[in-house]
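1. Fold the following for me, if possible:
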Amino acid sequence: MNRRSLLALPALATLARPALAQARPTRLIVPFPAGGGTDAVSRLFAPLLGQRLGTTVVIENRPGAGGIPATEVVVRAPADGLTLLLATSSIHSTAPATGANLPYDVEADFTPLALIGSSPSLVLVSKTVPVNDLRGFIAWAKARRGQVNYGSSGVATTPHLNGALLDSLADLGMVHVPYRGTGAVYAELLRGDVHALLDVPATAATHIQSGTVKALAVTSAQETPLAPGVPTAEAAGLPGLISETWFGIFGPAGMPADLASRISQAAQDAMADPELRARLLGLGVAPRAGDGQALAAAARQERERWTDLVRRLNIRAAD
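-> Numbering: from 1, shown residues only. Down below sits the predicted model:
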């Protein structure tokens with residue numbers, strides 16, 4: 001090798017570094033088990049994000065402990081865009097609002113990148129409840145104050161908070177009955193031992209179709225294709241019953257602005273894909289294409305809503 005070739009080696013090595021870095025896969029940490037709703041969203045979204053970033057996006061499921069261990073992986077990762085978090089309201093809004101003992105700050109320790117979807121809840125009642133609309137249920141429950149209950153998937157979960165919000169707004173005096181997951185609640189709804197549940201369309205749809213429950217209202221601000229023919233809570237007679245679970249992409253704190261912007265734009269471009277949008281609707285998720293500011297605003301709005309409610313009703317995260 002001649003002297004000119006030797007001198008060129010450092011420059012070639014420098015040029016090669018970005019290409020090598022780009023070839024490394026991006027990890028998308030999902031704080032929920034494989035096969036669940038959030039996992040399904042991640043597996044539809046990740047390939048399109050990878051295409052637009054020019055890399056491979058690998059799903060890494062880390063369920064358990066309310067999503068805290070999974071979220072910590074992202075908090076502790078280098079801010080190089082190679083470790084991202086698919087978060088939901090339960091991670092960045094509900095948990096801090098209910099006083100969960102979090103080893104991170106949901107605002108200071110993350111870079112919000114993109115809002116990719118949302119899902120409202122449905123006000124569901126057992127087929128044994130003799131009403132067919134929300135106004136009728138409110139009147140029926142008020143006439144039986146202290147005798148009507150609503151189920152949830154656990155203390156301080158989103159179904160619990162949604163039920164508490166309904167109860168508070170309508171002044172019904174309902175009794176909260178927590179279970180280990182919504183599957184158990186549906187079994188009790190079938191028997192009529194539980195009267196009401198607020199749950200997302202993705203899991204409610206089959207129970208509505210089978211006649212186990214009746215859908216009285218949806219908690220979105222506008223009518224949604226996720227619940228065709230179901231009125232909003234406001235239209236059904238209860239203004240203020242608005243709640244949507246969001247899905248968003250976060251990175252660690254300290255990401256360079258140009259890198260964060262690049263990932264954010266790639267995510268928004270992915271969400272413009274018609275097939276992806278159609279498949280998300282099939283999962284019960286309304287596609288959204290918002291930037292990091294939109295995600296931060298959605299997380300903050302939900303956090304403030306639930307913080308106010310849990311303080312008034314003295315709801316605390318389960319130990």
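
2. what's the average pLDDT for stretch 116-133?
-> For stretch 116-133, mean pLDDT is 97.

3. same deal with stretch 274-290?
-> 95.

4. ok, residue 63 touching residue 32?
-> Yes - in this structure, residue 63 is within contact of residue 32 by C-beta atoms under 8 Å, at 5.3 Å. Placement of C-beta: from N, CA and C, glycine included.

5. who's in contact with residue 70?
-> 29, 30, 31, 62, 63, 64, 85 (C-beta atoms under 8 Å, 6 or more residues apart in numbering).

6. Check those residues and tell me the two furthest apart.
-> Greatest spatial distance among those (C-beta to C-beta): 64 and 85, at 15.0 Å.

7. buried stuff in stretch 133-141?
-> In terms of neighbour count (16 or more other C-beta atoms under 10 Å), stretch 133-141 has its buried residues at 134, 136, 137, 138, 140, 141.

8. Take those residues and keep only those in helices.
-> Counting by DSSP state H, the buried residues of stretch 133-141 place 134, 136, 137, 138, 140, 141 in helices.

9. which residue packs closest to the third one, ignoring adjacent ones?
-> Going back to what we said before, that points to residue 137. Distances taken as C-beta to C-beta, 6 or more residues apart in numbering place residue 131 nearest to residue 137, at 4.7 Å, with adjacent residues excluded.

10. Helix, strand or coil: sort out the one you found for me.
-> State at residue 131, reduced to three classes by DSSP: H, G, I helix; E, B strand; the rest coil: coil.

11. Go through the chain and flag its longest strand.
-> Longest strand in the chain, counting residues (DSSP state E): strand 110-120.

12. Can you spell out which helices and strands pack onto the helix or strand that that one is followed by?
-> Helices and strands here follow DSSP states H and E; after strand 110-120, the next one along the chain is strand 122-126. Applying 3 or more C-beta pairs under 8 Å, 6 or more residues apart in numbering; DSSP states H and E, we find strand 122-126 packed against helix 134-142, helix 182-191, strand 196-199, helix 201-210, strand 213-218.
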